[in-house]
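A.B. asks: Structural data only, the sequence is not supplied:
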C-alpha cells in the first residue's frame, strides 16, 4: 500500500516544491530559483536512467558551440555541462554499486596508463606556477575521463548500448554535415568560406574535418554489420567523404587515405584467410 502511494506523494511534493520556488522567485526577483524544480526533476530522472544523459551528450557533440563565460574562461554548450553531469552520475552510480566495473577491467594496461597520466597531471598541478589555470585543466581532464572513459565501462557492458551510441552519433553528425555542406554550397564551396560554413558549431574547418574522419570507421563497420540498410549507410558514407573533401583539411584527407589503405590490406588478408572484412567487430552484430 505504501509503494502504491509513493508516486502520488512524489507528485504532490514536487508540485509544492515548484509552487514554492516560483513564489520565492517572483517575490525576491530571483528568477533563476524557478529553474530549481526542473533541475531536481532532471537529476531524479537522470539518476533513474543516467544512460539517457550520456546519449544526449553523444548527440550534442557535433552541435555544441563555444561560449565565452569571461575573457579568460570559455566552455562548449551544451556538451560540457552534459559531460559534467554524466561524470557526476557515473561517480554516484559507481559509489552506489562499485562492482559494476570488474577487477579485471581495472587491471587493463590502457586504463592503468590513463590513471597514471592523471596522477602525474595532479602532481604537476601542485607545483604549477599558475594554479588557477592548472586547476581548470585538471578539472576538465577529470570529467573528460569520467564521461568518456569510465562511464562507458559500465554502459558498454551492454552491446545494445554500444550500437545505440554509434547510431546516435552518426545520425547527429550526418544531419549537421548535410546542413554544413548546403551552407558551404551557398557560399561557393571555396576554401575561403569553409570556416564561415562550419561556424558556430566548429571553431574552424580542422575541427570539423577531424570529427568527420572519426565517423568514417564507424560507418564502414555499420556497412559491414548491417544487412538491411546498406544503401542508406553507403549514402551517409559518401556524404561524409564529400564533406571531408570540401573541408580542405590535409590531415583528414591523409587519415582517410590511410584508412582506405588499411581497409584494403585487411580485406585482402581476410579473403586469403577465408574471413570477411571487420569480422573482429561481429560481436556488435548480435547479442
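C.D. replies: Yep, it's here. Just so it is clear, the structure is predicted and the values come from calculations on it, not from any experiment. Numbering: from 1, shown residues only.
A.B. asks: need the strands for this protein, in chain order.
C.D. replies: For the chain, strands defined by DSSP state E occupy the ranges 65-68, 74-77.
A.B. asks: is it possible to export those to JSON lines including mean pLDDT?
C.D. replies: What follows is those, written out as JSON lines (pLDDT from 0 to 100):
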{"stretch": "strand 65-68", "mean pLDDT": "81"}
{"stretch": "strand 74-77", "mean pLDDT": "79"}
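A.B. asks: Which stretch among these approaches residue 113 most closely?
C.D. replies: strand 74-77 (26.3 Å; C-beta to C-beta). Yep, even glycine has a C-beta here, placed from its N, CA and C like the rest.
A.B. asks: partners of the closest one in the sheet?
C.D. replies: In the sheet, strand 74-77 lines up against strand 65-68 (antiparallel) (DSSP bridges).
A.B. asks: And the strand it pairs with, how far out from the chain middle?
C.D. replies: For strand 65-68, the distance from its own C-alpha centre to the chain's C-alpha centre is 17 Å (C-alpha atoms, centre = their mean, to the nearest Å).
A.B. asks: Contacts for it next, please.
C.D. replies: For strand 65-68, the external contacting residues (C-beta atoms under 8 Å, 6 or more residues apart in numbering) are 74, 75, 76, 77, 200, 201, 203.
A.B. asks: who are the neighbours in contact with the last one?
C.D. replies: Contact partners of residue 203, counting by C-beta under 8 Å, 6+ apart, are residue 66.
A.B. asks: Check the gap between it and residue 33 for me.
C.D. replies: According to C-beta to C-beta, to the nearest Å, residue 203 and residue 33 sit 35 Å apart.
A.B. asks: again, but for the third one
C.D. replies: Relative to residue 33, residue 76 is positioned 26 Å away (C-beta to C-beta).
A.B. asks: ok, back up a step: closest to residue 140 out of the contacts of strand 65-68?
C.D. replies: So of these, ranked by how close each gets to residue 140 (C-beta to C-beta), first place is residue 75, at 9.4 Å.
A.B. asks: Let me know how buried the closest one is, in neighbour terms.
C.D. replies: Residue 75: 17 surrounding residues under other C-beta atoms under 10 Å.
A.B. asks: Check the closest residue in space to residue 125 that isn't next to it in sequence and give its pLDDT.
C.D. replies: Nearest residue to residue 125 in three dimensions, chain neighbours excluded: residue 134, at 4.4 Å (C-beta to C-beta, 6 or more residues apart in numbering). The confidence metric pLDDT takes the value 88 at residue 134.
A.B. asks: and if you look at residue 196?
C.D. replies: Looking at residue 196, its pLDDT reads 93.
A.B. asks: Enumerate every residue touching it.
C.D. replies: Neighbouring residues of residue 196 by C-beta under 8 Å, 6+ apart: 183, 187.
A.B. asks: can you list the weak-confidence ranges in the chain?
C.D. replies: Scanning the chain with the threshold set as pLDDT under 70 gives 1-6, 69-73, 263-287.
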